[in-house]
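Asker: Any chance you could fold what I've pasted below:
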Amino acid sequence: MSVILTDQGEIEAPTRALIVVAHPDDIDFGMAGTVAALTGAGCHVAYCLTTSGEAGGDDLEHTPAELAAMRQAEQTAAARRVGVTELHWLGHPDGMVVADLSLRRDIARVIRISRPDVVLCQTTIPNWDHIYISHPDHLATATAALAAVYPDSRNPRAFPELLDEGHEPHEVSEIWLTGTEPNRYIDITDTFEQKVAALREHHSQVSQFDGLDDRVREWCSGTAEAGGLPEGRLAEAYRVVPAG
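Answerer: Numbering: from 1, shown residues only. As a prediction, the model looks like this:
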């Protein structure tokens, strides 16, 4: 199987995809159903996380280093649930991510290493109806990811140290952004249980959620309805931007 189901019917799955997000669990709340659909269609998916989530919790029982290790382990286990084994951790400080040249370089390096056809990331635009989506780390990571896609990863003159490290330029064909003005809806009905299983691996973050399955199903059902999918289907939504 090399296709995925969308609101526009079946489309060819990319051969390689890279997902760039700020925190452990960002992928699984927003994109894990899509990831499972992509890997099920034979696409190689890699993750790039700008932080290790060491500021992600009010419980001060653990040190930041302990929480970072815990959350990296949780994300690694969650990734396996949807067929992903390649994870890149950039180590930028959780809660203080800045879309600076250092972050652009680090993401461009991962793009050159992973060499994806498609990069999936969060939106750069604040959403005043859903403040969680507008976490400053999300916005900064997305801003840096877009710059890393164009022009940094394809420009041999951008960050010449990457060439010195042996990382040749690479051109991404498309960017899929979550959380803003979607123009593509991915049907995740058949991979929804994998999405929930991935979310449940984030014990430090979701153990306090009552009715997690029902809540996530409601979100995905509403997304499918907004995309015009048949009743009973579930979906995740993206703004697809040509980058090639």
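Asker: what about L18, which SS state?
Answerer: In three-state terms, and counting by DSSP: H, G, I helix; E, B strand; the rest coil, L18 is strand.
Asker: I'd say it and I111 touch.
Answerer: Yes - counting by Cβ atoms under 8 Å, I111 is a contact partner of L18 at 6.4 Å. For glycine as for every other residue, the C-beta is placed from the backbone atoms N, C-alpha and C.
Asker: Next, show the common contact partners of those two.
Answerer: V119 (Cβ atoms under 8 Å, 6 or more residues apart in numbering).
Asker: Give me the distance between the two termini of stretch 36-52.
Answerer: End-to-end distance for stretch 36-52: 22 Å, by Cα to Cα, to the nearest Å.
Asker: And stretch 49-66, by the same measure?
Answerer: Per Cα to Cα, stretch 49-66 runs 17 Å from first to last residue.
Asker: now swap in stretch 117-126 and tell me
Answerer: First residue to last in stretch 117-126 (Cα to Cα) measures 26 Å.
Asker: All the strands of this protein, in order from the start?
Answerer: 3-6, 9-12, 16-21, 44-49, 86-89, 118-122, 174-178, 184-187, 235-242 (DSSP state E).
Asker: Run me through the strand neighbours of the fifth one, direction for each.
Answerer: Sheet neighbours of strand 86-89, with direction, are listed as strand 44-49 (parallel) (DSSP bridges).
Asker: which parts of the strand it pairs with are buried?
Answerer: For strand 44-49, the buried set under the neighbour-count rule, 16 or more other Cβ atoms under 10 Å, comprises 44-49.
Asker: Pick out the most distant pair among those residues.
Answerer: H44 and L49 (17.3 Å; Cβ to Cβ).
Asker: who touches the lengthiest helix in the chain?
Answerer: Counting residues, the longest helix found in the chain (DSSP state H) is helix 64-81. Helix 64-81 is contacted by residues 23-25, 27-28, 32, 36, 47, 49, 52-57, 62, 85, 87, 89, 94, 194, 197-199, 201-205 when judged by Cβ under 8 Å, 6+ apart.
Asker: Helix or strand, whichever it is, which one in this protein has the lowest mean pLDDT?
Answerer: For the chain, counting by mean pLDDT, DSSP states H and E, helix 203-206 ranks last in confidence among helices and strands (a mean of 88).
Asker: Which strands or helices does it pack on?
Answerer: helix 64-81 (3 or more Cβ pairs under 8 Å, 6 or more residues apart in numbering; DSSP states H and E).
Asker: can we see that at 10 Å?
Answerer: Counting contacts by 3 or more Cβ pairs under 10 Å, 6 or more residues apart in numbering; DSSP states H and E, helix 203-206 is packed against helix 26-30, helix 64-81, helix 192-200.
Asker: With adjacent residues omitted, what lies nearest to A148?
Answerer: I107 (3.8 Å; Cβ to Cβ, 6 or more residues apart in numbering).
Asker: Might you report the residue contacts of the one you found?
Answerer: For I107, the contact set (Cβ atoms under 10 Å, 6 or more residues apart in numbering) comprises 18, 20, 48, 50, 88, 90, 99, 119, 121, 141, 144-149, 152-153.
Asker: now with 8 Å?
Answerer: I107 touches 20, 48, 50, 90, 144-145, 148, 152-153, counting by Cβ under 8 Å, 6+ apart.
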